[in-house]
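Novice: 3D, please:
(2 chains)
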Amino acid sequence: MTFGQVLLVAVVAVPALGALATAVVPGDRAGRVVGTVAAAVTLLSALPLVGGDHGWFGYGPRPAVQPWHQLDLPWVPGLDLRFHLGVDGISWPLVVLTALLTLLCCAYTLWRVPPGGGSGRALVALLLVVEVGILGTFLALDLVLFFLFFEVVLLPMYAIIAGWGGADRRRAARKFALYTLFGSVLLLVGVYVVVAAAGTADLVALTGGAGLSRGTQLAAFTLLAIAFAVKSPLWPLHSWLPDAHTQAPTVGSVILAGVLLKMGTYGLIRIAVGVAPEGARWAAPVLGVLAVAAILIGGLVCLAQDDLKRLIAYSSVGHMGFVLLGVATLTATGIQAALIGNIAHGVITGLLFFLAGAVKDRAHTGSLAELSGLRETAPRLAGLLGFAAVASLGLPGLAGFWGEAFAVVAAVQRGGPLWLTLAGLAALGGALTAAYFLRLLRRVTHGRPSPAVAGLAPGLAGAELTAWAPLVLLALAVGLAPALVLSYASGPVEALLGVVP
Amino acid sequence: MSTPTLWLAAVLPAAPLLAGLLGLLLPPAPHHDRASARRSAVALGVAGAAVSLLAALALLVRVDAPVEASTTWIDLGGLRVTLGLRLDGVAVLVATAVTAVALAVQVYSIGYLRRGPHDDVDVDHRYPPYAAQLSLFTAAMLTVVVSGDLIMLLVGWEVMGVCSYLLIAHDRRLPEAPGAAVQAFLVTRVGDVGFLLGIALLGVGAGSFRIADVLAYDYGTGTLTAACLLLLAGVAGKSAQFPLHTWLPEAMAGPTPVSALIHAATMVAAGVYAVARLFPLFERAPAALAVLGVLAAITMLLGAFAATAQDDIKRVLAWSTVSQIGYMTGALAVGAPAAALFHLLTHAAFKALLFLAAGAVIHAVGTTLMSRMGGLRSAMPVTFWCTVVGLGALVGVPPLSGFWSKDGVLAAAEAVALDGAGPTAAWVGWLVWLAGLAGVAVTAWYATRLLLRTFLGATRTPLLRPHDPPALLRWPVLLLTVPAALLGLAAFAPWFADRLRVPGDDTGEAAELVHLAPNLILPFLLLLAGAGVAWAGWRRDPAADPARFLGPLRPVFARAFRLDDVQHTLVVRPAGALARVVRTGDELGVDGLVEGSGRAAVEVGGGLAALHRAALPRAAAGVLAGALLIGLAVALIGVTS
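Specialist: Here you go, the predicted model:
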């Protein structure tokens, strides 16, 4: 086994073992410490994955998927299932983001366990199990394995929302689980349509259509795209999201918005477009129209929203609309915009949920009508909230800009009346994003302090700063140096688009 | 290109950027050790601006030919975004103006944002974030100025918008400040929708966002006109041109030094600068220039008339800014970018001076309303004479700076109108020329009114003991009077005129900045007429407002033709209503379907369950009936097979 393969196994195995250890170690705090260490080790093993063979120096046409490291072991030979993991420029940034956010959430839980639920270490263990599922999804190069990892996430996330969430948590958790399960059923059918028609589940072989007939590709793309659209979520399949995000505990919301949604967009790029490129070309206009509808409707709903967490949750609908618009253009510019938009949304919305959680924990309300004057009593918290909001509205120079602006540029690049209209409407959606975030800031930070805000202590806990600082720095760093995310993506994206007709 | 030049150009935005980022880390709260935090903030702010000014002055000496350097920032699927510098005479001159005003404002703010005699006890100016935001703003403006890439320009462009937003909302005592800040950011952001799309069209066409590549690319006429028109939307937003001008007067809720730096001298001129930077493109899109000319003519008069009826001294200056930027865009529309940039520079000097002098007055009397001022000349002689110089430059009294630059604009428009010279149609020239001439008279009227109402006559608030401001406020004002008075004469120096010429503008001798011709007398006569009418009205009753002669037009002008209300009715309220409708639709329609299908499933399940929970007789009957059915089926199948 090479070093890279060891790392690949470690990235999936360490959090799994860590979850186990967290659960069996005696003592609540000790368990949480063990879990946090496991999350840190996971991040440390995910980072060096970048060192590998990046170029394509072989003869003949370049393969559509060319992992830097891969591990291909037989798993259930009777069913021809293989344990096939690999990492490349499309998945690596997402892997690192997942490992980072999980670590931050575990560290945050070390300091504060959401009240009303079970023990802290159970929460950490569940977070680690979710991490196993998400990382596995990003690393799987076997379609069936991908599906399995995709499903691993569901139940622990259900438990996190139902166990540690807000007042209406059980209903929200049930809705989340049932709705995404509906998507999973379609995913399962889609996976088996592809596997049965192609006779293999190997993604490296499947990418590019693998000789699937046009009809099969259209059917497969439709099934897969709907399944991923539920997860992303794409309007009008989004309505599980606001409830789940609003009711989930802070760490749950961070993981949900930060990386769980990315399983949908990643699946759309890697699986749906890769496996059924003809289907993708066929459905692209529909996808584009829905994406722009998501941007505008998400923005408008946010403009009329009166709860802090719910507003941020709905903002995800609009932001993921930009990501999906980028994918729908099926241009190299658009897909790269989608990739960096994914990462930026994970970082910024993760930060926003941390901050919203902090505001709600302190003021004991999330209602915009009852929050006012935060900058008078807690200027640092207000400043960070302002920074996160400004980053989220796509200020150039911060991370959110690249994905949104270049999704628009990619639509302009596609040309033609439809795509130019979509570009114009999406850009207008950007102004709408500014409108609702400024409304949020005006309500929450400016003005005279409301009774709920008046008694706040100005300081921030060390654990909070530890959890937030990396996200603030990343939002700035990715904005100033987008190459951090995209420098390794152009090769894989070109290769992927090489197979799209 | 030489390496030291590039380093200096990089220091230009980097120094204030660093100062701003460090300043944001200082404790903002009043509960912390305030004095030391304030001292550090002052040091950082002044140092950032000063280093930048030195770099700009050094560049002024070094740069005579255009310098260009760039490196790839990111390559997005074949579209190259570069991190690059593009320096020419114009960029260096504008950078000098920006850094000079920024330094003046940083120094001025130290004294201005200190608890004054009219402040109540709990005033806390939160100086560290304020100074840091000023520094960040300076860095952003300088990024726009030196940027060699459209995306990089957009970065500076929008960061300026955010800094403007933050600084307008700075004063916690003004309940209207947060709303004004939101309006400023949103209106410009709506314009930026067009700006982004225009940049996208240009970048996609050329395959690169580097300005040099974009200027060199040969676009189709349709694409070019569309792109230029879209860019103009952003320009109108940033430079407060009709119909996106509504935010600028509201922005006066920000502290006066902020108004001087952002809303008068620099940011609002960024739109003009951007068009001048891309002028070779606009030259090939006469339709876009014609649109710009119409907007400029409307803006010039709209701003000037609105300024006549304001009682708030800062609002007079704000509307005057709107109007003066109309002159700049008008000059661009008639194909005279050098005249536009010349007016940009002189305007930066005299408008910054006017705002800082107005700040001194406000500092002394504790109000912005001219109806509560009057008779300040004897108590504040320094401020008075500085204001006289500033207003003289604004209305164009020879030989102050504004005289020469405004004359350049009018001469260029006249040339287009009468001779048909330049890239635009003659009617655009007529429009700009006539509006400009009318604007001169109106400007003279409101400037005279401002001077008389503020400094002459009897004092209207006798309890006050106003005095000239302390040194920290006085020196920036005094130093700014020098360029406000003399910058116009620089136009006679060939090195200055050469530097103002936009590269690619090869009109040579015809593009002279100053025109010593007999028709200079026409605007001067109009000036005398405007000022004379205002003075005569004031003489009749020195205590009354000359604006009373506007009659029924006065409230219309005071509310600037109620365009703010139009915007509110046509855009803001429908958007809010649409948002509420969409939210309801989303919750009841889309989510209602989901929830409904869930409830339906539960109900169907419950119904089936109820059927299974039957009492014994019916259950027994059911079982027997089932057995009978199965038996029958078996019998039938058995018979048939």
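Novice: Quick one: neighbours of the residue of chain B found nearest chain A, just the number.
Specialist: Closest to chain A within chain B is B:G77: 2.7 Å, counting by Cβ to the nearest Cβ. The C-beta positions use only the backbone N, C-alpha and C, and glycine is treated the same way. By other Cβ atoms under 10 Å in any protein chain shown, the residues close to B:G77 number 22.
Novice: I'd guessed it sits against A:L330; true?
Specialist: No - the criterion here is Cβ atoms under 8 Å, and B:G77 misses it with A:L330 at 10.8 Å.
Novice: For the stretch 51-200 of chain B, give me the ranges with low pLDDT.
Specialist: The stretch 51-200 of chain B contains residues with pLDDT under 70 at B:115-125.
Novice: I'd like to check which residues are in contact with A:L374.
Specialist: Residues near A:L374 by Cβ atoms under 8 Å, 6 or more residues apart in numbering or on different chains: A:359, A:381-382, A:385, A:444-445, A:449, A:453, A:456.
Novice: biggest separation within those residues, which pair?
Specialist: Pairwise distances across the contacts of A:L374 (Cβ to Cβ) peak at 14.6 Å, for the pair A:L385 and A:P449.
Novice: Please say which of the two ends up with more neighbours.
Specialist: Neighbour totals were compared for A:L385 and A:P449, and A:L385 leads with 25 against 17 (other Cβ under 10 Å).
Novice: The more buried one: which element?
Specialist: For A:L385, the host element (DSSP states H and E) is helix A:379-392.
Novice: same check, this time on B:S323
Specialist: Counting by DSSP H and E, B:S323 is part of helix B:313-333.
Novice: And B:L83, by the same measure?
Specialist: Here B:L83, judged by DSSP H and E, is contained in strand B:79-87.
Novice: Just checking, which helix or strand succeeds that strand along the chain?
Specialist: Sequence order places helix B:89-112 as the next helix or strand after strand B:79-87, per DSSP H and E.
Novice: For the residue nearest to B:V590 when sequence neighbours are not counted, grab the count of nearby residues.
Specialist: Among residues not flanking B:V590 along the chain, A:P236 sits closest, at 4.7 Å (Cβ to Cβ, 6 or more residues apart in numbering or on different chains). Residue neighbour count, defined by other Cβ under 10 Å, stands at 18 for A:P236.
Novice: Just to be sure, A:P236 is in a helix?
Specialist: No - counting by DSSP: H, G, I helix; E, B strand; the rest coil, A:P236 falls outside a helix, being coil.
Novice: circling back: phi, psi of the residue of chain B closest to chain A?
Specialist: Dihedral pair for B:G77: phi 60, psi 50, per degrees, to the nearest 10.
Novice: Find the nearest non-adjacent residue to it, please.
Specialist: Nearest non-adjacent residue to B:G77, counting by Cβ to Cβ, 6+ apart: A:A332, 2.7 Å away.
Novice: for the stretch 351-500 of chain B, what spans make up the helices?
Specialist: B:381-395, B:401-419, B:426-455, B:471-486, B:494-500 (DSSP state H, counting those that start in this stretch).
Novice: I misspoke; the intended subject was the stretch 351-500 of chain A.
Specialist: Here the stretch 351-500 of chain A has its helices, by DSSP H, counting those that start in this stretch, at A:374-377, A:379-392, A:399-414, A:416-444, A:451-454, A:462-480, A:483-486, A:490-498.
Novice: In terms of pLDDT, where does A:T421 sit?
Specialist: Note on A:T421: pLDDT of 94.
Novice: on that earlier part again, now, of the helices of the stretch 351-500 of chain A, which is deepest in the fold?
Specialist: Most buried of the helices of the stretch 351-500 of chain A, by mean neighbour count (mean count of other Cβ atoms under 10 Å in any protein chain shown): helix A:399-414, with a mean of 29.
Novice: and it, anywhere near chain B?
Specialist: Yes - counting by Cβ under 8 Å from any Cβ of the partner chain, chain B is contacted by helix A:399-414 at A:401-402, A:405-406, A:408-410, A:412-413.
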